[in-house]
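1. A structural model of the following input is requested.
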Amino acid sequence: MAMTEDNITRLHINDTEYILIGTAHVSKQSAEQVKQVIDEQQPDAVCVELDEQRYQSIVNGDAWKDTDIFAVIKQKKASLLLMNLAISSFQKRMAKQFGIQAGQEMIQGIESAKEHDAELVLADRNIQVTFARIWGNIGFGGKAKLLMSIIYSIFSNDTISEAELEKMKKQDMLDGMLKDLTENFPKLKKPLIDERDQYLAQKIKDAPGKKVVAVLGAAHVPGIKEAIYKEHDLTQLNKRPPKSPWPKIIGWSIPVLIISIIVYTFMANPEAGTQQTISWVLWNGTFSAIGTAAAMAHPLAVLAAFVAAPITSLNPLIAAGWFAGIVQAYFRRPKVSEFETLSEDVASLKGFWRNRVTRILLVVLLANVGSSLGTFIGGADVLRLFFENL
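-> Now for the predicted structure:
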């Protein structure tokens, strides 16, 4: 049995009452409503749409100060960190428009749970698992389309009124939004919405006590209302998709092919082999250096990209961007204040280049993009010289 009132859905299952609050993540009214409901209902448990990682980022807002930029580069997380910062900045920019902290309704849920001695339940799936399941199921074309959509939304100057934002919480609007999402990214809806509805529903149902309040993004409420009456295997929902062997096969096949061709050409025609080697070095090094320079990197970081790219392109386990990024970080080490202003700086293209943290991440990314381009062009030239000298 379910009753809905002002974005609040009440469900009674066995002897437990579940109160679902559908919120907009940057709505001031949502945060106020969360406080009001928890104050009035005095629940035994409060579930929030957060995983451990996002919870820690909320309660430890100054954690950016302790970021080890060298570790980020070595652990191959530069691109992921850059994208997370960009997406976060978009939400914070919207929040700033309405004079509210992004995720304030979740913060309010955490604070109210503590105030009333209610059990706090982090009900959402690990965001990295969700990203992995999204990324592994949308194909190359879907990846490109999704990235372009995210980049456009990040730097778009479009604004919406708070009245329009509140309308987004109505179920008829949500149905339309989910329909658009399904049409644009058919394979995205399942891991992003459907699976998380199931995960959230199970965590809410497993929460202790006879009265449970759940603070949720409004888009999840319709799905949770259906999913909560079924049992869901959290272990299965937490599984990462198996990695395709093809990227690794292709990644190793190209360097093996290039090295084999150059070695064979050297044996048959040393002069042509020398030409191939020079072509490989120049194409790889030049494009990686151009990418690094485009990020306005330190001259020695540009040089590092030029020297590293021809070598790293022959070994899929290492990348030119790592070397360029480490050199950039050494000579242009970020200040603590630049970690503190990250979320504001990434809200604009100018800020991306101005902040030393994002400058390093851009150096890594663009050096790798340039190296990849140089690998294809340099490889094609090696093949050309090979066939010309058969």
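2. only C-alpha atoms for contact and neighbour calcs from this point on.
-> Fine.
3. looking at it, Gly217 is touching Glu49, isn't it?
-> Yes: counting by C-alpha atoms under 8 Å, Gly217 touches Glu49, with 7.3 Å between them.
4. of those two, who's got more company?
-> Between Gly217 and Glu49, counted using other C-alpha atoms under 10 Å, the more crowded position is Glu49 (22 against 19).
5. Quick check: phi and psi at the more buried one.
-> Torsion angles at Glu49 (phi, psi; degrees, to the nearest 10) stand at phi -80, psi 70.
6. From Ala218, how far off is it?
-> Separation of Glu49 from Ala218 (C-alpha to C-alpha, to the nearest Å): 11 Å.
7. what is in contact with those two at once?
-> Residues touching both Glu49 and Ala218 by C-alpha atoms under 8 Å, 6 or more residues apart in numbering: none at all.
8. did I read that right, Val215 in a strand?
-> Yes: assessed with DSSP: H, G, I helix; E, B strand; the rest coil, Val215 lies in a strand.
9. bridging residues for it?
-> Legend: beta-bridge partners of Val215 under DSSP bridges are Ile21, Val48.
10. Quick check: it touching Ile38?
-> No: the pair Val215 and Ile38 fails to qualify as a contact (C-alpha under 8 Å) at a distance of 10.0 Å.
11. Overlap of the contact sets of the two?
-> By C-alpha under 8 Å, 6+ apart, Val215 and Ile38 have these common neighbours: Gly109.
12. Helices of the stretch 251-390 of the chain, residue ranges please.
-> Assignment of helices within the stretch 251-390 of the chain using DSSP state H, counting those that start in this stretch yields the ranges 270-294, 299-312, 320-331, 336-340, 342-345, 349-354, 356-388.
13. Tell me which of those helices approaches Gly209 most closely.
-> helix 342-345 (38.0 Å; C-alpha to C-alpha).
14. Tell me which other helices or strands that closest one touches.
-> helix 78-97, helix 349-354 (3 or more C-alpha pairs under 8 Å, 6 or more residues apart in numbering; DSSP states H and E).
15. looking at those helices, which has the lowest confidence?
-> Note on these: lowest mean pLDDT is at helix 78-97, with a mean of 62.
16. Can you tell me what sits against the following helix or strand past that one?
-> Next along the chain after helix 78-97, taking DSSP states H and E as the criterion, comes helix 104-115. With contact meaning C-alpha under 8 Å, 6+ apart, helix 104-115 is reached by 23, 25-28, 30-32, 34-35, 38-39, 45-50, 58, 119-120, 215.
17. average pLDDT across helix 104-115?
-> 92.
18. Alpha carbons only: can I get the helix or strand that it is followed by in PDB?
-> The first helix or strand that comes after helix 104-115 along the chain, using DSSP H and E, is strand 119-122. Output in PDB follows, covering the C-alpha atoms of strand 119-122 (Å, rounded to 0.1, in the frame of the first residue of the first chain):
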ATOM      1  CA  GLU A 119      20.700   4.500  12.200                       C
ATOM      2  CA  LEU A 120      22.300   6.100   9.100                       C
ATOM      3  CA  VAL A 121      22.300   3.700   6.100                       C
ATOM      4  CA  LEU A 122      24.400   4.500   3.000                       C
END
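19. partner strands of strand 119-122, parallel or antiparallel?
-> strand 45-48 (parallel).
20. Please state the mean pLDDT value computed over the partner strand.
-> Strand 45-48 shows a mean pLDDT of 97.
21. what do you get for stretch 223-232?
-> Stretch 223-232 comes out at a mean pLDDT of 95.
22. start to end distance for it?
-> Stretch 223-232 end-to-end distance (C-alpha to C-alpha) = 13 Å.
23. residues in contact with that stretch?
-> Leu11, Asp194, Asp197, Gln198, Tyr199, Leu200, Ala201, Gln202, Lys205.
24. Return the member of the residues you listed nearest to Ser288.
-> Comparing the contacts of stretch 223-232 against Ser288 with C-alpha to C-alpha places Asp194 closest, at 40.8 Å.
25. How confident was the prediction at that closest one?
-> Per-residue pLDDT puts Asp194 at 88.
26. what about the chain, any weak spots by pLDDT?
-> Applying pLDDT under 70 to the chain flags the ranges 1-6, 25-27, 61-68, 75-102, 136-187, 336, 340, 343, 346-349.
27. how does it divide into domains?
-> Per the record, the chain has its domains at 2-237, 246-388, by automatic domain parsing.
28. Deepest in the core, which of the ones you listed is it.
-> Ranked by mean neighbour count, the domains of the chain are led by domain 246-388 with a mean of 21 (mean count of other C-alpha atoms under 10 Å).
29. For it, measure first residue to last.
-> One end of domain 246-388 to the other measures 30 Å (C-alpha to C-alpha).
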